[in-house]
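Engineer: fold the following, please.
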Amino acid sequence: MVSNLEELLSQRVKSIKPSATLAISAKAKTMRTKGIDVINLSVGEPDFDTPEHIKYAAIKALCDGWTKYTEEAGLLEVRKAICKKLKEENALSYEPENIVISCGAKHALFNAFQALLDAGDQVIIPTPCWVSYPDMVRLCGAEPVLIPTDSKNGFLPEPERIEKAITDRTKVLLINSPCNPTGAVYEGELLKELARIVERHENIIVISDEIYEKFVYDGAVHVSIASLSDKVKERAVVVNGLSKTFAMTGWRLGYAAAPKPIAQAMAKVQGQSASHPTSFVQMAAITALGAPQEFVQKMVKEYDERRKLIVSLLNEIPNVRCDMPKGAFYVFADFSDVLGRSYDGVQINTSVELSEFILERAHVATVPGEPFGAEGFLRLSYATSKERIEEGLRRIKEVLS
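Structural biologist: Numbers count the residues shown, from 1 in each chain. Sure, this is the predicted structure:
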């Protein structure tokens, strides 16, 4: 019976894989329930708690009766607050009709793909990339075209390779800066060259995932590609959210800014799926976006210190190399010289096997590079305390010695 039911599943769902990052976190949680002290360096969320003033704003919204349906694209008051944020922080001028609020930035991306892609369309994605991008594209019947980047170049894409990959089927160029998993930040001339590619190819939409915009270090500056010219902005979808910046991952609130026809199409998709994001969470977003940002500054300062610590400790492990990332809260460490070796009688040939070995033997959760498009690497998050980082890297070093 089970096998027969599996045969009834759609080819669409069979073509995608479960989220690798969520799968690792789930396994780590299961081990914890058995009393095992697992250090989770796989997590993709801030370890800080949501600020109290945002929590109380949600409570007040509930008490004030914000418990009903809202517009498909989200409450007008919240869309106005997002417009204000984009203008003041990103030099982007939008009207509320250009904004679609969704159940997280991931949902905003999903809506954008559903609104833009048909079967056979192509989406150019520099890799390593977030594990969900290719599968969200495949769910539309479209084809992800993965363009590898080089760690020697800081995992920054080469514009010439992107332009060479463009065909008459190319519909979307997807960029993510600061980048998950590499921490790469697209700046200056690189962004301008990517903008020029979009300007030259009038049938291409650029989707810019900017969810880690606040997490930049060493003088790096986040710039939205849509701010570089009106021509680019007319064919850009800017995706962001509250999850990372305000430690609100579980609240599920993201948004997209897009040209009106695309925004309307995304709202239509959302209206036939989630209807709209949670009403009282939307009201709390007004407080989050409009309040002083000391919390964010404090969090970024702490992550900067942890970033330097984890890179230093990784480079002390034999056969491991890790460059200093400029953004996000991950390091993408090169363990390729570890592969092909035997540790404690266990032969390790892939990053998946290495991640599983480290979890089982060192009780440290990491994410293998293979699902991100980079075999031989591991992604480690420093969204945890310095003490846990030190202990986690001590354990990894011990099992690989």
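
Engineer: what sits up against stretch 147-155?
Structural biologist: Contact with stretch 147-155 is made by 124-128, 156-158, 161-162, 165, 179, 182-184, 323, 326, 332, 334, 373-374, 377, as judged by Cβ atoms under 8 Å, 6 or more residues apart in numbering. Glycine gets a C-beta too; all of them are placed from N, C-alpha and C.

Engineer: end to end on that stretch, go ahead and measure it.
Structural biologist: 11 Å (Cα to Cα, to the nearest Å).

Engineer: pLDDT (mean, whole number) over it?
Structural biologist: Average pLDDT, stretch 147-155: 96.

Engineer: helices - which of the contacts of stretch 147-155 land there?
Structural biologist: Judged by DSSP state H, helices contain the following of those: R161, I162, A165.

Engineer: what sits against the last one?
Structural biologist: A165 makes contact with I124, V145, I147, according to Cβ under 8 Å, 6+ apart.

Engineer: for G373, see how far away the residue lying closest to L378 once chain neighbours are set aside is.
Structural biologist: Distances taken as Cβ to Cβ, 6 or more residues apart in numbering place T366 nearest to L378, at 4.6 Å, with adjacent residues excluded. Per Cβ to Cβ, to the nearest Å, T366 is found 16 Å from G373.

Engineer: which of those two has more residues huddled nearby?
Structural biologist: Using other Cβ atoms under 10 Å, the more surrounded residue of T366 and G373 is T366, with 27 against 22.

Engineer: now the phi/psi pair for the more buried one, please.
Structural biologist: Dihedral pair for T366: phi -130, psi 170, per degrees, to the nearest 10.

Engineer: how close does it get to L9?
Structural biologist: 31 Å.

Engineer: same question for L173.
Structural biologist: Taking Cβ to Cβ, one finds L173 at 31 Å from L9.

Engineer: which among the contacts of A165 count as buried?
Structural biologist: Neighbour-count burial (16 or more other Cβ atoms under 10 Å) applied to the contacts of A165 gives I124, V145, I147.

Engineer: returning to what we had before: more neighbours, L173 and L9?
Structural biologist: Taking neighbours as other Cβ under 10 Å, L173 and L9 compare with L173 leading, 29 against 9.

Engineer: hang on, the earlier thing: make JSON lines from the ones in helices among the contacts of stretch 147-155 and add pLDDT to it.
Structural biologist: Compiled in JSON lines, the ones in helices among the contacts of stretch 147-155 are given as follows (pLDDT from 0 to 100):
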{"residue": "R161", "pLDDT": "97"}
{"residue": "I162", "pLDDT": "98"}
{"residue": "A165", "pLDDT": "98"}
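
Engineer: could those residues go into JSON lines alongside distance to Q293?
Structural biologist: Formatted as JSON lines, those follow (distance: Cβ to Cβ, whole Å):
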{"residue": "R161", "distance to Q293": "37"}
{"residue": "I162", "distance to Q293": "34"}
{"residue": "A165", "distance to Q293": "38"}
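
Engineer: nearest to E202 among these?
Structural biologist: I162 (16.1 Å; Cβ to Cβ).

Engineer: longest helix of this structure?
Structural biologist: Assigned via DSSP H, the chain shows its longest helix as helix 294-314.

Engineer: cool, thanks, talk later.
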